[in-house]
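Trainee: Sequence and computational prediction follow.
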Amino acid sequence: MKKKLAIVVLGVFLVGIIIYVFFSGPSNRITNNPTENSTTTNKITSTTKTNVTPTTKTKVSGTHIYISILKDSFSPKAITIKAGTTVTWTNKDTSAHTVTSDYGGPTSGNLLKGGTYTYKFSTKGIVGYHCSLHSTTTGMIIVE
C-alpha cells in the first residue's frame, strides 16, 4: 500500500514538472522570431542589486538610447539618462540573452541574435539589470 502511494505521489510530481516546463510563460523559452520587437513603459519601483560600478559615468542625451549586447556584455554597461528616455537593447551576440531588471522595471523575454527590446523610463531612480541566462552580464541605468 505504501509503495503504491509513493508511486502515485511521484507520478503527480513528475506531471507537475512537465506541465510547468511546457506551459510556463514565453519569457522562459527562446522565441523563434529574433526580430520580434517588444516595447514596455513602466515606472521604476526599486533600486539595484546588480554589482555594477562604472569606472566612468556615461551620461547620454537624447530621447532614444541604444544598448548593444555583445560578447556576454551590455554596451554601454552603465549610463545616466533623463526620465522619459526610451532605451532599446539589441542582441548582437550569437547566443540568446535577456534584459531582466533586478527589482522591477525592464524585463524582456529571450532575445536571439538580432532581437530587440525597448523600454521607456518614466521615473527617476537607479535600475540594475542583468541577463537571466548569463549571470555575469549586468548593467545599470541611472534615471535623473
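Mentor: That came through, no problem. Residues are numbered from 1 along each chain as shown.
Trainee: tell me the domain ranges of this structure?
Mentor: Following the assignment in automatic domain parsing, the chain carries domains at 1-29, 31-143.
Trainee: Those: lowest mean pLDDT?
Mentor: Ranked on mean pLDDT, the bottom entry among the domains of the chain is domain 1-29, at a mean of 56.
Trainee: now residue 88, nearest residue through space, not along the chain?
Mentor: Setting aside the residues directly before and after it, residue 88 is nearest to residue 118 in space (C-beta to C-beta, 6 or more residues apart in numbering), at 4.5 Å. Just so you know, the C-beta spots here come from the backbone N, C-alpha and C atoms, and that holds for glycine as well.
Trainee: partner residues bridging that neighbour?
Mentor: residue 39, residue 88 (DSSP bridges).
Trainee: That one and residue 85 touch, don't they?
Mentor: No: Residue 118 lies out of contact with residue 85 (C-beta atoms under 8 Å); the separation is 11.2 Å.
Trainee: Output the contacting helices and strands for the longest strand anywhere in the chain.
Mentor: Counting by DSSP state E, the longest strand found in the chain is strand 134-143. With contacts taken as 3 or more C-beta pairs under 8 Å, 6 or more residues apart in numbering; DSSP states H and E, strand 134-143 sits against strand 74-75, strand 78-81, strand 125-131.
Trainee: What is the neighbour count of the residue nearest to residue 88?
Mentor: The number of residues packed around residue 118, counting by other C-beta atoms under 10 Å, is 19.
Trainee: My reading is that residue 113 lies in a helix. Confirm?
Mentor: No: judged by DSSP: H, G, I helix; E, B strand; the rest coil, residue 113 forms no part of a helix; its state is coil.
Trainee: Surely it is in contact with residue 97?
Mentor: No: taking C-beta under 8 Å as the definition, residue 113 is not a contact partner of residue 97, at 9.3 Å.
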